[in-house]
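Novice: test case, fold it:
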Amino acid sequence: MRIYLGLVICIFIVATIAKKLGFNTFIDLYSFILVFLGGIGFALLKGRADNYLIEFGNGTVYFGWIGAIMGVIAIMAYSSYKTLSDLESVAPAFAVALTTLFYGYIFKLFALTMSELE
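Specialist: From the prediction side, this is the model:
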């Protein structure tokens, strides 16, 4: 019961902040695909059926960081000094880059919760 309560509290906190900022801010299909499939691939790569959910959660965090680094590299590679000083043009790109981290940690939260139920 306490596991469900903890999960509900975490979801409530994240959903409240997401509602305040706008849910569309946190939606990016490519980030979702990168993190979700990366987590599945990592869990399969580890090959430990007894800890599949835990390894999936670890993989999502790793791929969240990989996506964030790839996003920052892309921003730096395709930006000039002029555009980097213009926050309005760079901020949305950084937001998408950091969305992969958000998805990675959210998936890890769910994976840890589900692994505790087994």
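Novice: test my guess that G59 contacts L44.
Specialist: No - using Cβ atoms under 8 Å, G59 is not in contact with L44, being 9.0 Å away. Backbone N, C-alpha and C define where each C-beta goes, glycine included.
Novice: neighbour count winner among the two?
Specialist: G59 (26 against 12; other Cβ atoms under 10 Å).
Novice: helix or strand for the more buried one, which one?
Specialist: helix 52-77 (DSSP states H and E).
Novice: from the chain's centroid, how far away is that helix?
Specialist: 7 Å (Cα atoms, centre = their mean, to the nearest Å).
Novice: contacting residues for the nearest residue to T113 once chain neighbours are set aside?
Specialist: Of all residues not flanking T113 in the chain, L7 sits nearest, at 4.9 Å (Cβ to Cβ, 6 or more residues apart in numbering). With contact set as Cβ atoms under 8 Å, 6 or more residues apart in numbering, L7 has these partners: 109-110, 113.
Novice: ok, the residue nearest to the spatial centre of the chain - contacts?
Specialist: Centroid check for the chain by Cα atoms, centre = their mean gives Y103 as the closest residue, at 2.0 Å. Y103 makes contact with 31-32, 35-36, 60, 64 under the criterion Cβ under 8 Å, 6+ apart.
Novice: redo that, cut-off 10 Å
Specialist: 26, 28, 31-36, 38-39, 60-61, 63-64, 67 (Cβ atoms under 10 Å, 6 or more residues apart in numbering).
Novice: state the three-state secondary structure for it.
Specialist: helix (DSSP: H, G, I helix; E, B strand; the rest coil).
Novice: tell me the spacing between it and N24.
Specialist: Y103 sits 15 Å away from N24, going by Cβ to Cβ, to the nearest Å.
Novice: hmm, back to that, give me the three-state assignment for the residue nearest to T113.
Specialist: Under three-state DSSP, L7 comes out as helix.
Novice: okay, it: pLDDT?
Specialist: L7 carries a pLDDT score of 84 in this model.
Novice: what's the following helix or strand after the helix or strand harbouring V14?
Specialist: Taking DSSP H and E as the definition, V14 sits inside helix 2-21. The helix or strand immediately downstream of helix 2-21 is helix 29-46, counting by DSSP H and E.
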